[in-house]
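>>> With the sequence up front, the predicted model follows.
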Amino acid sequence: MNLTLDQLQEKLKAWKGCPLWEHSNPVLGEGSADAQIMFIGEAPGQKEDELGRPFVGPAGKLLDELLESIGLAREDVYISNVVKYRPPGNRDPTPEEKEQCMPWLKLEIALIHPNVLVPLGRHALGHFFPELNITSAHGKPFKLTDDAWVFPIYHPAAALHNPNLRDALSQDFQSLKKFLTTLPA
Ligand code: URA
């Protein structure tokens, strides 16, 4: 089944497979359907829930700045989340919620077919490589398939809470930029 992003959005609106739907709005990913790079966060926060769009609050503002620092705009990439609804009070998503929402992320990945998947933080990294730890894996490429790599980076929200991570985050984006130049066009 070859769905478009708009069709996926409509299907998500009608979906009730994760109990979080009762208290929040669905937030699918957004960006270019031809993106080579897909950024994957954890779950929508308050602003994302209000607007129904990913990474549009404070963490999103920082993500925009980091993208700009390597010459990219939101429109050039695809930005999504593991969980499609806001967990109450921004608590961590539970393993069940991640599992319930995972088919959506898989559909997005199948549709976009990015060469580089960038998990932002441990929740998204855990989906691809449960054995890896974000503290040691950030800023480095890991081969996923013949034509896809995973390049973990700290979550931008982590740097908002802990300014010591801000430099690491900037450096990781520079490493990502360098890595992108090594990929076939
Ligand atoms: N944090 C996330 O993980 N995702 C968002 O969309 C916003 C904040």
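Thanks, I have it. Numbering: from 1, shown residues only.
>>> tell me the SS of M38?
Here M38 is strand, with the state taken from DSSP: H, G, I helix; E, B strand; the rest coil.
>>> Spit out the contact partners of it.
Contacts here follow Cβ atoms under 8 Å, 6 or more residues apart in numbering; on that basis M38 touches 29, 31, 77-80, 108-109, 112, 114, 116-118. Quick note: C-beta positions are derived from backbone N, CA and C, even for glycine.
>>> list the buried ones in stretch 100-115?
100-101, 104-105, 107-109, 111-112, 114-115 (16 or more other Cβ atoms under 10 Å).
>>> For those residues, give me TSV that also has pLDDT.
Formatted as TSV, the buried residues of stretch 100-115 follow (pLDDT from 0 to 100):
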residue	pLDDT
Q100	98
C101	98
W104	98
L105	98
L107	97
E108	98
I109	97
L111	97
I112	97
P114	98
N115	97
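>>> can I get the residues you listed in JSON lines with secondary structure and distance to L176?
JSON lines is the format used below for those (DSSP: H, G, I helix; E, B strand; the rest coil; distance: Cβ to Cβ, whole Å):
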{"residue": "Q100", "secondary structure": "helix", "distance to L176": "30"}
{"residue": "C101", "secondary structure": "helix", "distance to L176": "25"}
{"residue": "W104", "secondary structure": "helix", "distance to L176": "24"}
{"residue": "L105", "secondary structure": "helix", "distance to L176": "20"}
{"residue": "L107", "secondary structure": "helix", "distance to L176": "24"}
{"residue": "E108", "secondary structure": "helix", "distance to L176": "20"}
{"residue": "I109", "secondary structure": "helix", "distance to L176": "18"}
{"residue": "L111", "secondary structure": "helix", "distance to L176": "22"}
{"residue": "I112", "secondary structure": "helix", "distance to L176": "17"}
{"residue": "P114", "secondary structure": "coil", "distance to L176": "13"}
{"residue": "N115", "secondary structure": "coil", "distance to L176": "12"}
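>>> Which ones among the residues you listed also lie next to the ligand?
Applying Cβ under 6 Å from any ligand atom to those, one finds that nothing falls near the ligand.
>>> so can I have JSON lines of these showing distance to D92?
Below are the buried residues of stretch 100-115 laid out as JSON lines (distance: Cβ to Cβ, whole Å):
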{"residue": "Q100", "distance to D92": "15"}
{"residue": "C101", "distance to D92": "14"}
{"residue": "W104", "distance to D92": "18"}
{"residue": "L105", "distance to D92": "17"}
{"residue": "L107", "distance to D92": "23"}
{"residue": "E108", "distance to D92": "21"}
{"residue": "I109", "distance to D92": "22"}
{"residue": "L111", "distance to D92": "27"}
{"residue": "I112", "distance to D92": "26"}
{"residue": "P114", "distance to D92": "25"}
{"residue": "N115", "distance to D92": "29"}
